[in-house]
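A.B. asks: fold the following for me, if possible:
(chains A and B)
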Amino acid sequence: MKRIMTMLLASALCVAVGCSQAPNDKLSEAEKAVMDAKLAGAQAYAAEDFAKLEGMLNNAKKEMDDQNAKFGLFRDYGKTEQLLASVQAETPKLVEETAKKKAEAKDVALKAHAAAKNAVKKTQALVAKAPVGKDRAAVEAIKNDAKALTASLTDVQMAMDAEDYLTAQAKAKAVQDKSLALSSEVHGALAKVGGAKTAKAEPTTAKSTKSAKKKK
Amino acid sequence: MTRLPSHVLRAAAVIVALSMPLLSACVQQAPQDLVQSVEDMDRQLVMAHSAEFAPVEYSRFVQQWVALKERLRLDDDVIGWPWEENPFETDLRALQEEGSRVLALAKDKHKAERRGAASHIARLERRLRRFTNRVDQIGSRVALGEKRVETELLVKQARSFMEQGQFVHSKRAARQADERMASQAAQLNSELGRYADRAQVDHWRTMVRRTVDWSRQHQATALVVVKATKRLTLYRNGQAVASYPVRLGFNGVQEKRYEDDGATPEGSYRVVRMRDRGHTDFYRAFLLDYPNTDDQRRFQSARKTGAIPAQARIGGNIEIHGEANRQLSQTLGCVMLGNRQMDMLFREVEVGTPVTIVGAVDVDNTVAVVLAQLDQGGDDADEDDADPSDEQAMTDETIVEQS
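C.D. replies: The predicted model follows:
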């Protein structure tokens, strides 16, 4: 009799446990879906929606953990499954939205990059006009700045290549702003240099020019 | 089989007929306008970055909303008593209220975050301005090369990200800008640290004392240039008789290491040639005997250790000269004075006059003070760090003693 009772209890327990299996497969699928959205750039281009999706996944995980912590007979993964199903349902919409926003960001970044390149090119052309010799001192720092701006354009391109269009936009805008500021500084320096040339023109002799060109 | 009496059948038919409209009146559906309004609320919560700014509250909302949506899907119609409230309507209204609270909280926190970020960027911009002014004050813009613009670009990016609400990106750019400034301050401290080094300053002071002693012993004229103060002092018979502001190389405060580095050399020199009008582009000039033996030894040693480029040359033609153009604020390594001061010096100086150029003669010199300020960084006082313009400095002539 005792043996029959034990067997009955065991089978009841098995049924109970069998009915409340943790939805690990569904969790893996939902995690994969969130990861796919992340790889598609959702975190950067649809940050708010991605945060929501991640929040839902975390909710599902927390709910599942809560259920796992309960005694087998009392586990109920219904809510977990609901949350996981919502994650799965939201992901394709998010991926689609991300692609759209990414394309828009790319377009803006391309324009900003082109504008920055143009601004740097103009600045470089201005800097190239600066004469060497004693007058070089006035534009030495500006040349360094122009060099830095040219190098920064490479950073913008790298961000574009990495499809990080938001960073590319911000960098390109900064480069463009600084190029414009530098251009006006170059104009100022060239004006000074122009003054120097005029001042030097009168007393300069072949001999003195030679002395000015010597090493320092 | 017994047939039911007809009056019973009639009564049953009446009951069924009466209960049909009653039953149909009790079928309760989710009010679509409420469902839509909770949908809208969810969207607003998403746009307000609720997952970021009110994570716990928003997660509770999402959990309830997901569960309710599932109920809406499964229990399309619910049957209830006519006097009972529609459970969907009650839950949707409760959820909407909950959403409004979360939205208000998220918006508040978002605003606070934005204010914090804006204030941080403003502090960073002030710090960059101060940093730039200080670097200019000690004439070290060129020494920092491209790093200065890189830092400026990072600060601009931080602002741009902040304005777009990308606080994480903004903070990252701001942090990088901070790090760049710290590394530039460290670089300048390493290159100019000797200005704060008491032993080095004592050595410079000794050099100056020897020059003054020489002037006294030989009853002759000597010149002393102090780079930190950007001043040239004329000594006659051991007495300081005049002091003039000067301009130095574009890397003037640095130690001269090789040709074209824009630094003004430090050491004990002599005037080896006097170049009058027509023999120099810079009004009048005294050519110094740079490089002297000390300079050559230092140069060779630096080349041997690889501290300077292998193809570097030692340079020369270091002069004390007048102005070609008042607008030029720096030289390539020479010491530049106003033309009036050059006229004055031309009457006092001759070939062989000693010229001692040192970094500083006191430990609290401008360069040391600015280096300490750069090291502190921070966003303490919003002082202006006004740099007296060279134009003004050039007219700031001091006659120490009329003879």
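
A.B. asks: helices of the stretch 201-350 of chain B, residue ranges please.
C.D. replies: Per DSSP state H, counting those that start in this stretch, the stretch 201-350 of chain B carries helices over the ranges B:293-305, B:339-348.

A.B. asks: try chain A
C.D. replies: For chain A, the helices defined by DSSP state H cover A:2-19, A:24-39, A:42-45, A:47-68, A:78-128, A:136-161, A:165-201, A:206-213.

A.B. asks: buried ones in the third one, by neighbour count?
C.D. replies: Which is helix A:42-45. A:Ala42, A:Gln43, A:Ala44, A:Tyr45 (16 or more other Cβ atoms under 10 Å in any protein chain shown). For the C-beta atoms, the positions are set from N, CA and C on the backbone; glycine is no exception.

A.B. asks: quick revisit: tell me the most buried of the helices of chain A?
C.D. replies: Among these, the stretch with the highest mean neighbour count (mean count of other Cβ atoms under 10 Å in any protein chain shown) is helix A:42-45, at a mean of 22.

A.B. asks: the closest residue to A:Ser183 other than its chain neighbours: what's it in contact with?
C.D. replies: Distances taken as Cβ to Cβ, 6 or more residues apart in numbering or on different chains put A:Thr123 closest to A:Ser183, at 4.9 Å, once the chain neighbours are dropped. Taking Cβ atoms under 8 Å, 6 or more residues apart in numbering or on different chains, we find A:Thr123 in contact with A:Ala146, A:Leu149, A:Ser179, A:Leu182, A:Ser183, A:Val186.

A.B. asks: would you confirm that the fourth one contacts A:Lys147?
C.D. replies: Yep, that's A:Leu182 we're talking about. No - counting by Cβ atoms under 8 Å, A:Leu182 does not reach A:Lys147; the two are 10.9 Å apart.

A.B. asks: picking up where we left off before, chain B versus the residue nearest to A:Ser183, what's the distance?
C.D. replies: Remark: distance between A:Thr123 and chain B (Cβ to the nearest Cβ, to the nearest Å) = 11 Å.

A.B. asks: per-residue confidence at that residue?
C.D. replies: If you check A:Thr123, the pLDDT there is 88.

A.B. asks: next: B:Met274.
C.D. replies: 95.

A.B. asks: was I right about it contacting B:Thr353?
C.D. replies: No - with contacts counted by Cβ under 8 Å, B:Met274 stays clear of B:Thr353, the gap being 9.4 Å.

A.B. asks: any weak-confidence spans in the chain?
C.D. replies: Went with chain A since none was named. Chain A contains residues with pLDDT under 70 at A:1-20, A:130-139, A:189-190, A:192-215.

A.B. asks: my question was about chain B
C.D. replies: In the prediction, chain B carries residues with pLDDT under 70 at positions B:1-4, B:16-28, B:75-83, B:325-329, B:377-403.

A.B. asks: could you redo the last one with a cut-off of 80?
C.D. replies: Chain B contains residues with pLDDT under 80 at B:1-30, B:70-71, B:73-87, B:324-330, B:376-403.

A.B. asks: let me see the contact set for the closest residue to A:Asn58 other than its chain neighbours.
C.D. replies: Once flanking residues are discounted, A:Asn58 sits nearest to B:Ser59: 7.0 Å by Cβ to Cβ, 6+ apart. With contact taken as Cβ under 8 Å, 6+ apart, B:Ser59 is in contact with A:Gly55, A:Asn58, A:Asn59, B:Ala51.

A.B. asks: what do you get for B:Phe131?
C.D. replies: Residues in contact with B:Phe131 (Cβ under 8 Å, 6+ apart) are B:Thr151, B:Met181, B:Gln184, B:Ala185, B:Leu374, B:Gly377.

A.B. asks: show the buried residues in the residues you listed.
C.D. replies: B:Thr151, B:Met181, B:Gln184, B:Ala185, B:Leu374.

A.B. asks: and the two most separated of the contacts of B:Ser59?
C.D. replies: A:Asn59 and B:Ala51 (10.6 Å; Cβ to Cβ).

A.B. asks: circling back to that earlier point, okay, the residue nearest to A:Ser183 and B:Leu95: tell me how far apart.
C.D. replies: In this view, A:Thr123 and B:Leu95 are 57 Å apart by Cβ to Cβ, to the nearest Å.

A.B. asks: same check, this time on B:Arg270
C.D. replies: Taking Cβ to Cβ, one finds B:Arg270 at 91 Å from B:Leu95.

A.B. asks: just B:Phe88 next, same as before
C.D. replies: B:Phe88 sits 10 Å away from B:Leu95, going by Cβ to Cβ.

A.B. asks: overlap in contacts, the two.
C.D. replies: B:Leu68.

A.B. asks: before we move on, the earlier item: between B:Met274 and B:Thr353, which contacts overlap?
C.D. replies: Jointly contacting B:Met274 and B:Thr353 under the rule Cβ under 8 Å, 6+ apart are B:Phe286.

A.B. asks: could you chop chain A up by domain?
C.D. replies: Following automatic domain parsing, one finds the domains of chain A at A:23-101, A:102-200.

A.B. asks: just give me how far the first one sits from the chain centre.
C.D. replies: Between the mean C-alpha point of domain A:23-101 and the mean C-alpha point of its chain there is a distance of 23 Å (Cα atoms, centre = their mean, to the nearest Å).

A.B. asks: check the last one too.
C.D. replies: What separates the centre of domain A:102-200 from the centre of its chain is 22 Å, taken as Cα atoms, centre = their mean.

A.B. asks: stretch B:225-232 too?
C.D. replies: For stretch B:225-232, the distance to the chain centre is 28 Å (Cα atoms, centre = their mean).

A.B. asks: close to chain A, is it?
C.D. replies: No - using Cβ under 8 Å from any Cβ of the partner chain, stretch B:225-232 stays clear of chain A, with a minimum separation of 14.9 Å.

A.B. asks: straight-line length of that stretch, end to end?
C.D. replies: Distance across stretch B:225-232, first residue to last, is 4 Å (Cα to Cα, to the nearest Å).

A.B. asks: kindly report the same for stretch B:134-143.
C.D. replies: One end of stretch B:134-143 sits 13 Å from the other (Cα to Cα).

A.B. asks: could you confirm whether it reaches chain A?
C.D. replies: Yes - applying Cβ under 8 Å from any Cβ, one finds stretch B:134-143 touching chain A at B:Arg141, B:Val142.

A.B. asks: and that stretch, what's buried?
C.D. replies: In terms of neighbour count (16+ other Cβ under 10 Å), stretch B:134-143 has its buried residues at B:Arg134, B:Val135, B:Gln137, B:Ile138, B:Gly139, B:Ser140, B:Arg141, B:Val142, B:Ala143.

A.B. asks: nearest residue to the first one other than its sequence neighbours?
C.D. replies: Leaving aside its sequence neighbours, B:Arg134 sits nearest to B:Val370 (Cβ to Cβ, 6+ apart; 4.9 Å).

A.B. asks: count residues in the vicinity of A:Tyr77, would you?
C.D. replies: 21 (other Cβ atoms under 10 Å in any protein chain shown).

A.B. asks: meant to ask about B:Val351, not that
C.D. replies: B:Val351 has 11 neighbours, counted by other Cβ under 10 Å.

A.B. asks: now do the same contact list for it.
C.D. replies: So B:Val351 contacts B:Arg270, B:Val271, B:Val272, B:Arg273, B:Met274 (Cβ under 8 Å, 6+ apart).

A.B. asks: in strands, which of those residues fall?
C.D. replies: Among the contacts of B:Val351, DSSP state E puts B:Arg270, B:Val271, B:Val272, B:Arg273, B:Met274 in strands.

A.B. asks: rewinding a little: and the buried ones among the contacts of B:Phe131, which is closest to chain A?
C.D. replies: Chain A has its nearest neighbour among the buried ones among the contacts of B:Phe131 in B:Thr151, at 9.5 Å by Cβ to the nearest Cβ.
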